[in-house]
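Undergrad: Fold the stuff below for me.
(one chain, ligands or ions: 1)
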Amino acid sequence: MYDIIIVGAGPAGMTAALYALRAQKKVLLIEGESYGGQIVESQGVENYPGFTEINGYDLAENMMRQLRALQVELLPAHVDGIGQTDGGFEVRMGTKTACGRAVILATGLKHRKLGVLGEEQFLGRGVSFCALCDGGFFRGREVAVVGGGNTALQDALYLSELCARVTLIHRREGFRAEEALVEKARKNEKITILTDTVVKEIRGEMTVRELLLQNVRTKEESTLAVSGIFEAVGQIPQNGAFASLVALDESGYLTAGEDCKTDVAGIFAAGDCRTKEVRQLTTATADGTVAAISAIAYLDAL
Ligand code: NAP
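TA: From the prediction side, this is the model:
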């Protein structure tokens, strides 16, 4: 029986593990993919205090090195369910199970992807999901942003401060984003808006060179020369496996406040997977801290 089982080894989960291990708790950290979460996709993190710039992969490695020094037990497995037991919780991973007195869910988010040819090939070499993290690499160059929500509009506006030209590509005419943002983008001379348009292919050699576009009404195809494409087509929480036990909001995020407590005593939610306003690396690590301290207090009071 573990004291704390942490599901997800992104920045939130790894920070939670750091605090729990330093508090001498018996911890199991479970990760279904590679540890590091979304930051490993970032070419350079420039907004994490203490590092002027650090490659996201290196930052994740640093975090894990710190945990290894504390003898972290990292289990590569995909969690597909959670249940309540007499002494705590049973975390299910296919045919395997692990039991813990408390659980911290730090499952993060997955960027929705376009699913077009070239997307995987140029990931980190022109294809990005984070303008704030990677925009600086495209200073003075031409880029595209895909999406019609607040993130896409904010990304386009942010990138227009750095890049020579930003083309905002949206699949229909109406925007999901706030009108004020759309107006601001329309008035921005560096932003060109292409509506009713989809990306069909991302092309290049070592890095992105151009996009193959299609107008969804006329079916006409064209190419757009860009060095980078920022995909902002929404995020998908990964909390379906916990829905039978823990409350989710209407968008599928774990319902938990700033104290990271879910509606089930002993289960905590940390990072992007929980209902919150600001989803950044710094807020994820902050959540990891809060969730671990809350979990430790919960265990100590049992
Ligand atoms: P979002 O609002 O879900 O918008 C995603 C956009 O991507 C939509 O315009 C959607 O098009 C488009 N899209 C989805 N799948 C696509 C596909 N396969 N191909 C092409 N386009 C596709 O996502 P978000 O902008 O990341 O925002 C998420 C939430 O955070 C929202 O509630 C948003 O308001 C909030 N947010 C708030 C702020 C703020 O400052 N207040 C900033 C950022 C985000 P359709 O419109 O056609 O569906």
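Undergrad: Report the contact partners of the one residue in the chain that gets nearest to the ligand.
TA: Across the chain, no residue is closer to the ligand than Gly149, which sits at 2.4 Å (C-beta to the nearest ligand atom). Placement of C-beta: from N, CA and C, glycine included. Residues in contact with Gly149 (C-beta atoms under 8 Å, 6 or more residues apart in numbering) are Phe175, Arg176, Ala177, Ala232, Val233, Gly234.
Undergrad: Please name the residues that touch the fifth one.
TA: Under the criterion of C-beta under 8 Å, 6+ apart, the neighbours of Val233 are His111, Arg112, Lys113, Leu114, Val146, Gly147, Gly149, Ala152.
Undergrad: so what pLDDT did it get?
TA: Note on Val233: pLDDT of 97.
Undergrad: Tell me which of the contacts of Val233 has the lowest pLDDT.
TA: Among the contacts of Val233, His111 carries the weakest pLDDT, at 87.
Undergrad: Could you report the neighbour count for that one?
TA: Summarising burial for His111: neighbours were counted as other C-beta atoms under 10 Å, giving 16.
Undergrad: what's near enough to touch Leu211?
TA: Taking C-beta under 8 Å, 6+ apart, we find Leu211 in contact with Ala144, Ile169, Val199, Glu201, Ile202, Arg203, Thr223, Leu224, Val226, Ile229.
Undergrad: Which two among these are spaced furthest apart?
TA: Every pair in those was compared (C-beta to C-beta); the two farthest apart turn out to be Ile169 and Arg203, at 14.8 Å.
Undergrad: what sits against the nearest residue to Leu74 once chain neighbours are set aside?
TA: Ranked by C-beta to C-beta, 6 or more residues apart in numbering and with sequence neighbours excluded, the top spatial neighbour of Leu74 is Leu29, at 5.1 Å. If you count contacts by C-beta under 8 Å, 6+ apart, Leu29 has them with Ile6, Ala9, Gly13, Met14, Ala17, Leu67, Val72, Glu73, Leu74, Leu75.
Undergrad: Surely Leu29 is in a strand?
TA: Yes - the secondary structure assignment for Leu29 places it in a strand, going by DSSP: H, G, I helix; E, B strand; the rest coil.
Undergrad: ok so, going back, narrow the contacts of Leu29 to those in strands?
TA: When DSSP state E defines the strands, the subset of the contacts of Leu29 inside them is Ile6, Glu73, Leu74, Leu75.
Undergrad: Report how many residues lie close to the third one.
TA: Residues contacting Leu74 under the criterion other C-beta under 10 Å number 18.
Undergrad: Map the structural domains onto the sequence of the protein.
TA: Listed by automatic domain parsing, the domain ranges of the chain are 2-110+235-300, 113-231.
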